[in-house]
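Peer 1: fold the stuff below for me.
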Amino acid sequence: MPGAGSRFTRRRSDAPDFVRTDLDIAALSREMCARYAGVQPVVIDGTPGTATFFPSDDCPEFRVMRLAGALALAINQRAAAGRGRPAAIPPLRVTVEEVMLAALLHDLGKQHEDCAPFIELLRQTNLRADLGPDAAHRKEYLLGIVRDVHCRKGPCMIDRLRDAGRTELSNPFIVTVARRHGDDYEVNRCSQQGCWWSRDINVITLADDYDALTSEGPERAYRNVNASSEEAVAAIQEGVARGRYEARIAQIFLEDVLG
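Peer 2: All right, here's what the predicted structure looks like:
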């Protein structure tokens, strides 16, 4: 049986190290964020320009990338330990590095010019305070717009980076995550709307939701939440019951990532 640092048969690639079980997620997160943080060249409608991304390594995208990487690695480790057993969890269909890059860029659509005005409206409103039903209705209305616009515009932002020379962003998994990370697992896996990467996308959805629930930083202030760890765990368990999260992925997150 493979040990904790071993590798075994890939799901998609012929590369011998496709399914990794021995990565330093913290170091890889810092390295990956450094490649995309700060002023970056972009191409907008054929015109070269620049855009600024990820101001610090404490931004939500960095935290989500680190959580998603830890979860992806834990899934591969569980898969390696249980290989050959009937109930073993399968490894992911993408690499841990691909999961992490997709997680880093999943919310890039919020920086699109079409999304920025709605983000600003949310930030200007004290939505964490109890302002009554009118404020709650306005919050849900604005959040609905942000969810829709940033998932549609995320692939556009990724294309702007890719057209400026980021060839690794030609990977269709990256733009699929940007477009579909807000959807429930059951939506992404259903026969009519589903996709090949429903499990892999759910890794990022789960990491993103947990960070949003527990974040105390101002960058998540438009979310009317600030849950304790116990409340976040209860929310994840409820999400499993209603089909937002794949059950075994959620179990590994709670047991191996959160401990």
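Peer 1: if we ignore the residues flanking it in sequence, what's nearest Asp208?
Peer 2: Excluding the flanking residues, the one nearest Asp208 by Cβ to Cβ, 6 or more residues apart in numbering is Val64, at 4.9 Å. C-beta here means a position set from N, CA and C on the backbone, and glycine is covered the same way.
Peer 1: which of the helices or strands spans that neighbour?
Peer 2: Element membership of Val64 [criterion: DSSP states H and E] is helix 60-81.
Peer 1: starting at the chain centroid, how far to whichever helix or strand comes after that helix?
Peer 2: Sequence order places helix 96-105 as the next helix or strand after helix 60-81, per DSSP H and E. Distance of helix 96-105 from its chain centroid, counting by Cα atoms, centre = their mean, to the nearest Å, is 7 Å.
Peer 1: and the pLDDT for Trp188?
Peer 2: Trp isn't right for residue 188; it's Asn. With respect to pLDDT, Asn188 scores 93.
Peer 1: separation between it and Ala232?
Peer 2: Using Cβ to Cβ, to the nearest Å, Asn188 is found at 22 Å from Ala232.
Peer 1: same thing with Lys110?
Peer 2: Noted for Lys110: a distance of 22 Å to Ala232, by Cβ to Cβ.
Peer 1: ok, now Val257?
Peer 2: In this view, Val257 and Ala232 are 12 Å apart by Cβ to Cβ.
Peer 1: ditto for Ala37
Peer 2: According to Cβ to Cβ, Ala37 and Ala232 sit 27 Å apart.
Peer 1: could you do Gly154 as well?
Peer 2: Distance from Gly154 to Ala232, by Cβ to Cβ: 24 Å.
Peer 1: Ile145 touches Ile119, doesn't it?
Peer 2: No: Ile145 is beyond contact range of Ile119, at 9.7 Å (criterion: Cβ atoms under 8 Å).
Peer 1: and the closest residue to Ala102 other than its chain neighbours, what is it in contact with?
Peer 2: Closest residue to Ala102 apart from its sequence neighbours, by Cβ to Cβ, 6+ apart: Val177 at 3.9 Å. Neighbour list for Val177: Ala102, Ala103, Leu105, His106, Trp197, Asp200, Ile201, Ile204 [criterion: Cβ atoms under 8 Å, 6 or more residues apart in numbering].
Peer 1: run a quick neighbour tally on the fifth one.
Peer 2: Burial of Trp197 is recorded as 23 neighbouring residues (other Cβ atoms under 10 Å).
Peer 1: kindly list the longest helix within this structure.
Peer 2: Ranked by residue count and defined by DSSP state H, the top helix of the chain is helix 132-163.
Peer 1: what helices and strands are in contact with the lowest-mean-pLDDT helix or strand in the chain?
Peer 2: Among the helical and strand segments of the chain, the one scoring lowest on mean pLDDT, DSSP states H and E is helix 116-123, with a mean of 80. Other helices and strands packing on helix 116-123, by 3 or more Cβ pairs under 8 Å, 6 or more residues apart in numbering; DSSP states H and E, are helix 132-163.
Peer 1: elements contacting the helix it packs on?
Peer 2: With contacts defined as 3+ Cβ pairs under 8 Å, 6+ apart, helix 132-163 has these neighbours: strand 38-44, helix 96-105, helix 116-123, helix 172-180.
Peer 1: tell me what angle the longest helix of the chain forms with strand 38-44.
Peer 2: Interaxial angle of helix 132-163 relative to strand 38-44 (axes from the mean of the first three to the mean of the last three Cα atoms, to 10 degrees): 80 degrees.
Peer 1: isn't there a strand covering Arg244?
Peer 2: No: counting by DSSP: H, G, I helix; E, B strand; the rest coil, Arg244 is not part of a strand but coil.
Peer 1: correct me, but it touches Thr205?
Peer 2: Yes: between Arg244 and Thr205 there is a contact at 7.4 Å, judged by Cβ under 8 Å.
Peer 1: shared neighbours, the two?
Peer 2: Shared contacts of Arg244 and Thr205, counting by Cβ under 8 Å, 6+ apart, come down to Tyr185.
Peer 1: I appreciate the help and will end here.
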